[in-house]
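> Need the 3D shape of this:
(2 chains)
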Amino acid sequence: QKEVEQDPGPLSVPEGAIVSLNCTYSNSAFQYFMWYRQYSRKGPELLMYTYSSGNKEDGRFTAQVDKSSKYISLFIRDSQPSDSATYLCAIFGRGSTLGRLYFGRGTQLTVWP
Amino acid sequence: NAGVMQNPRHLVRRRGQEARLRCSPMKGHSHVYWYRQLPEEGLKFMVYLQKENIIDESGMPKERFSAEFPKEGPSILRIQQVVRGDSAAYFCASSPGQRGNEQFFGPGTRLTVL
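Model prediction:
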């Protein structure tokens, strides 16, 4: 079983839609949950991270963690064409070798005008 | 404050040649990580280094691959006798400490093996 599972999509939505991106993970010892955005042929850019369960909001982005279900989500409100990218979830914590991040495959998102 | 720098951005090698990928961490960061991204796959951890020390190389193939982070200069990922399967994007990340939530990535080196 992989440490992190993520539906690769692709996901295509109209401008202004609410986007929901999700990952599941297998090891309940993981503590930090990150979302990275990666534009084509660029390096991943850290969007948000959360520690433990709950919600964290930053502008149009909301990260949500449900540790009881081992489920993490990223919501994008009022999506824009500039949000078109691949979104990667990543996890880190006591259950992993110190320092390493475990990544999902990434979900490719296209927001059309 | 410059971000993580990697060079070259693109590298083409023929089978059997050596590839050297360089990574300069962000200023103030002493922890470096290398990840590999194959087509249609997520990033896979390869190795974690601090200055002059390899902390964790459990994600790196046992043969042909090596990494170093000397006291002076960039971190180097070295691939000897490259094969077509080594074609991928190699990303370096750095952090100020041993916390996964503070890893910042460079733009990557895209290696193509002919």
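
> which regions of chain B lie under the pLDDT threshold?
Counting by pLDDT under 70, the low-confidence segments of chain B come to B:1, B:98-101.

> please redo it, this time with the cut-off set to 80
B:1-2, B:39-41, B:97-102 (pLDDT under 80).

> all strands for it, in order.
Assigned by DSSP state E, the strands in chain B fall at B:5-7, B:10-13, B:19-24, B:31-37, B:43-50, B:53-56, B:65-68, B:75-79, B:88-95, B:104-105, B:109-113.

> Let me know the average pLDDT across stretch A:86-95.
Mean pLDDT, stretch A:86-95: 83.

> just stretch A:10-26 next, same as before
Stretch A:10-26 comes out at a mean pLDDT of 95.

> about what we covered before: how about CSV for the strands of chain B, with mean neighbour count and distance to chain A added?
Placement of C-beta: from N, CA and C, glycine included. Converted to CSV, the strands of chain B look like this (neighbours: other CB atoms under 10 Å in any protein chain shown; distance: least, CB to the nearest CB, whole Å):
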stretch, mean neighbour count, distance to chain A
strand B:5-7, 17, 8
strand B:10-13, 15, 10
strand B:19-24, 20, 11
strand B:31-37, 24, 6
strand B:43-50, 22, 4
strand B:53-56, 14, 5
strand B:65-68, 18, 13
strand B:75-79, 20, 14
strand B:88-95, 24, 6
strand B:104-105, 20, 4
strand B:109-113, 18, 8
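
> can I get those in JSON lines with distance to A:Asp78?
Listed next are these as JSON lines, based on distance: least, CB to CB, whole Å:
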{"stretch": "strand B:5-7", "distance to A:Asp78": "34"}
{"stretch": "strand B:10-13", "distance to A:Asp78": "36"}
{"stretch": "strand B:19-24", "distance to A:Asp78": "36"}
{"stretch": "strand B:31-37", "distance to A:Asp78": "30"}
{"stretch": "strand B:43-50", "distance to A:Asp78": "28"}
{"stretch": "strand B:53-56", "distance to A:Asp78": "41"}
{"stretch": "strand B:65-68", "distance to A:Asp78": "42"}
{"stretch": "strand B:75-79", "distance to A:Asp78": "40"}
{"stretch": "strand B:88-95", "distance to A:Asp78": "30"}
{"stretch": "strand B:104-105", "distance to A:Asp78": "27"}
{"stretch": "strand B:109-113", "distance to A:Asp78": "33"}
